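J.: Please work out how this folds:
(one chain, ligands or ions: 1)
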Amino acid sequence: MTTHVLQEMKHKGEKIAMLTAYDYSYARLLDSAMIDVILVGDSASNVMAGHTSTLPITLNEMIYHASSVVRAVSRALVVVDMPFGTYQGNWKEALHSAIRIMKESGADAVKLEGGREVLESVDRILSAGIPVMGHLGLTPQSIHKFGTYVVRATDENEARKLVEDAHLLEKAGCFGIVLEKIPSKLAAQVSGGIKIPIIGIGAGSQVDGQVLVLHDMLGITQEFSPRFLRRYHNLGEEIIGSVQAYIADVKSRDFPNEKEQY
Ligand code: KIV
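T.: Numbers count the residues shown, from 1 in each chain. The predicted structure follows:
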């Protein structure tokens, strides 16, 4: 899978399926299932490390997660989130961070949040030959500015800015954009007016692909259930059930039995 193939998929109207992964074992399963794109999201900060936001995760931690994923993948495109504080406001630091991600993890591309504010960083990273994916709408690294996780760009000014930013990112050379938690009509308008693939999360069906956080769609995280989330499994409950069965077997001396020992 390459950024060029994603572009062709948009052109042919074939939807792009993207999921997050943060480790070798899950990435291997996702790749075997033929997922198109694996995002090593900074949501690792929440689902892997237990932080309440994406802000604390470091560049070294993202590189660790990304290199574990890359070792597992033979087909999917691997995109890595640039963590908070490694690209905003300073293109030299942005370029240095993106180069470290690519060199040390072996990933295919980076993703960063924001529009015009990060355009110079986007430009410099692209000039180094590193593919960049944008991320607009609800950008979790700005949660302290927003103050809430409600739907973004519902007012005219923010919607206009989002459309302009999407065009700026396309013009700069981004190979795709994630649109998070915005009205579906607005997402459809962006996707229709732009040639690069638009991947939605809580952005409706009229975009070029969808992304979900793996732990949410598998039901490993159980307390998070926004309207846009479809749960495909209740793995959390299954894991608890299996662990309880194991505990009971150990306590009752049922495990290990004759055949399970040497
Ligand atoms: O970090 C992440 O998982 C993301 C997705 C929600 C798009 O950025």
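J.: For the rest of this, base every contact and every neighbour count on C-alpha atoms.
T.: Noted.
J.: what's the burial count for Cys195?
T.: Let me fix one detail, which is that residue 195 is Lys and not Cys. When neighbours are defined as other CA atoms under 10 Å, Lys195 has 15 of them.
J.: which residues touch it?
T.: The contact partners of Lys195, taken as CA atoms under 8 Å, 6 or more residues apart in numbering, are 7, 10, 170.
J.: Ok, Val150 next?
T.: Lys181 are the contacts of Val150 under CA under 8 Å, 6+ apart.
J.: on that earlier part again, could you pick out which of the contacts of Lys195 are located in strands?
T.: The strands, defined by DSSP state E, take in nothing from the contacts of Lys195.
J.: The ligand next: which of those are close?
T.: For the ligand, no contacts are drawn from the contacts of Lys195 by CA under 6 Å from any ligand atom.
J.: From the residues you listed, pick the one nearest Leu126.
T.: Distance to Leu126, by CA to CA, is smallest for Glu170 among the contacts of Lys195, at 11.8 Å.
J.: hang on, isn't the closest one packed against Ile198?
T.: No - here Glu170 lies out of contact with Ile198, judged by CA atoms under 8 Å, at a distance of 10.4 Å.
J.: neighbour-wise, which of these two wins?
T.: Taking neighbours as other CA under 10 Å, Glu170 and Ile198 compare with Ile198 leading, 29 against 19.
J.: Could I get the contacting residues of that one?
T.: Neighbours of Ile198 in contact, by CA under 8 Å, 6+ apart: 176-179, 190-191, 207-209.
J.: top of these by neighbour count?
T.: In terms of neighbours by other CA under 10 Å, those top out with Leu179 at 30 neighbours.
J.: helix/strand/coil for it?
T.: The three-state label given to Leu179 by DSSP: H, G, I helix; E, B strand; the rest coil is strand.
J.: Look up which residues are beta-bridged to it.
T.: When assigned by DSSP bridges, Leu179 has beta-bridge partners Leu136, Gly200.
J.: so it touches Pro140, yeah?
T.: No - Leu179 is not in contact with Pro140 according to CA under 8 Å; the separation is 11.7 Å.
J.: about what we covered before: list just the nearest of the contacts of Lys195 to Glu113.
T.: The closest of the contacts of Lys195 to Glu113 turns out to be Glu170 (CA to CA; 13.9 Å).
J.: For that closest one, give its distance to the ligand.
T.: As judged by CA to the nearest ligand atom, to the nearest Å, Glu170 and the ligand stand 18 Å apart.
J.: show me what contacts the closest residue to that residue other than its chain neighbours?
T.: In space, not counting the residues next to it along the chain, Glu170 is nearest to Ile196; the distance is 6.7 Å by CA to CA, 6 or more residues apart in numbering. Contact analysis of Ile196 by CA under 8 Å, 6+ apart lists 7, 10, 170, 174-177.
J.: swap the cut-off to 7 Å and go again
T.: Ile196 makes contact with 7, 170, 175-176, according to CA atoms under 7 Å, 6 or more residues apart in numbering.
J.: Switch those residues over to a markdown table; also include distance to Val69 and pLDDT.
T.: Output for the contacts of Ile196, formatted as a markdown table (distance: CA to CA, whole Å; pLDDT from 0 to 100):
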| residue | distance to Val69 | pLDDT |
| --- | --- | --- |
| Gln7 | 23 | 98 |
| Glu170 | 27 | 98 |
| Phe175 | 21 | 98 |
| Gly176 | 21 | 98 |
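J.: Kindly indicate which of the residues you listed lies nearest the ligand.
T.: Nearest to the ligand out of the contacts of Ile196 is Gly176 (CA to the nearest ligand atom; 12.0 Å).
J.: what's near enough to touch the closest one?
T.: Neighbours of Gly176 in contact, by CA under 7 Å, 6+ apart: 133-134, 196-198.
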